[in-house]
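Colleague: What shape does this take:
(one chain, ligands or ions: 1)
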Amino acid sequence: MYETILYEVKDQIAYITINRPKALNALNSTVLTELIDAAAKVEADPDVRVAIVTGEGRAFVAGADISQMRDMETMEAKDFMALGHKAFNAIDFNKKPFIAAVNGFALGGGCELSMACDFRIASEKAKFGQPEVNLGIIPGFGGTQRLPRLVGKGMAKYMIYTAEMIDAAEALRIGLVQKVVPAEELMAEAEKAAKLIISKAPIAILTAKAAINYGYDMDMHSASEWEALNSGAGFSTEDQKEGMTAFLEKRPAVWKNK
Ligand code: HXC
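Modeller: Next up, the predicted model:
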């Protein structure tokens, strides 16, 4: 049982809902600690293939908890940032995919949480931004690093320096989100993506995530070798033989996760 998040597993999907709606789901230490635990559960549970992260009420997450942060001194703040990084890396580098279903405000640490997920599906009501400079600080849960990697340096600098809030259509245009749907279709769309992933060869999905994540910051030469090794390793699985045999026999594959 958690205090600040809801965790539920259904049909091989783990639903993680940030549940502090009165504070627009602001991230305090408890939320971050519980997220770390939930991410470990996703990784360890053989019945879970994909996780969906969303927010309760009208926000996804409106940022790190300003009331907790206001009186922090340097070392305490650094520890808080480190906790945020630990939580978001537990998602980003989780062996299983995480989908952000962004239902409303995704600001500061909320935008950073969505960026730690593998991809983002947004409601038309979603709003994104990195408003930290309004508070006299800079992003501290990965925003200065993940945002430029996702949207390019120029747009990341524009968003971080101006603190401008952008709507879902603009987030889609700049590549921050991958799909935008009406609010009432958000969870169905996220589940559709989750079910598509679940229908694929399990080991191939895990290997694709690792190949992309760890290869992304390598030089192209090393990254190519890293991909070749990972792709080659797939040929040691029973599912590779099954996938290719099923194709040639014109029937659906039956995955064994072996
Ligand atoms: C703590 C927050 C909060 C936050 C909202 N609330 N955001 N509490 N931390 N980040 C609380 C409000 O104080 C208020 O509490 C309640 O949620 C509802 O918010 P309102 O402001 O009344 O709602 P509204 O007028 O609709 O405005 C929504 C909003 C605004 C535009 C999202 O709340 C806002 O600007 N929030 C802060 C956004 C932000 O700056 N995020 C970045 C934080 S720094 P009460 O008790 O009054 O009802 C950050 C850094 C991450 O994330 C890394 C560390 C450096």
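Colleague: which residue sits closest to the residue sitting nearest the centre point of the chain, ignoring its sequence neighbours?
Modeller: Centroid-nearest residue in the chain, with C-alpha atoms, centre = their mean: Cys117, separated by 0.8 Å. Leaving out its chain neighbours, the residue that sits closest to Cys117 by C-beta to C-beta, 6 or more residues apart in numbering is Ala100, at 3.8 Å. Backbone N, C-alpha and C define where each C-beta goes, glycine included.
Colleague: thinking Ala223 is in contact with Gly215, fair?
Modeller: Yes: Ala223 is within contact range of Gly215, at 4.1 Å (criterion: C-beta atoms under 8 Å).
Colleague: on that earlier part again, return the residues in contact with the residue nearest to the centre of the chain.
Modeller: When contacts are counted by C-beta atoms under 8 Å, 6 or more residues apart in numbering, Cys117 touches 53, 91-92, 98-100.
Colleague: The helix or strand where the residue nearest to Cys117 lies: how far from the chain's middle?
Modeller: In this assignment (DSSP states H and E), Ala100 forms part of strand 98-102. Taking C-alpha atoms, centre = their mean, to the nearest Å, one finds the center of strand 98-102 at 6 Å from the center of the full chain.
Colleague: what's the following helix or strand after it?
Modeller: Sequence-wise, the next helix or strand downstream of strand 98-102 (DSSP H and E) is strand 105-107.
Colleague: Which neighbouring elements make contact with that next one?
Modeller: strand 59-61, strand 127-129 (3 or more C-beta pairs under 8 Å, 6 or more residues apart in numbering; DSSP states H and E).
Colleague: residues in contact with the next helix or strand after it?
Modeller: Under the assignment DSSP H and E, the closest C-terminal helix or strand after strand 105-107 is helix 109-116. Outside helix 109-116, the residues within contact range by C-beta under 8 Å, 6+ apart are 18, 25-27, 53, 55, 59-64, 84, 88-89, 91-92, 98, 100, 102, 106, 120, 128-130, 139-143, 146-147, 150, 176.
Colleague: This completes my enquiry, with thanks.
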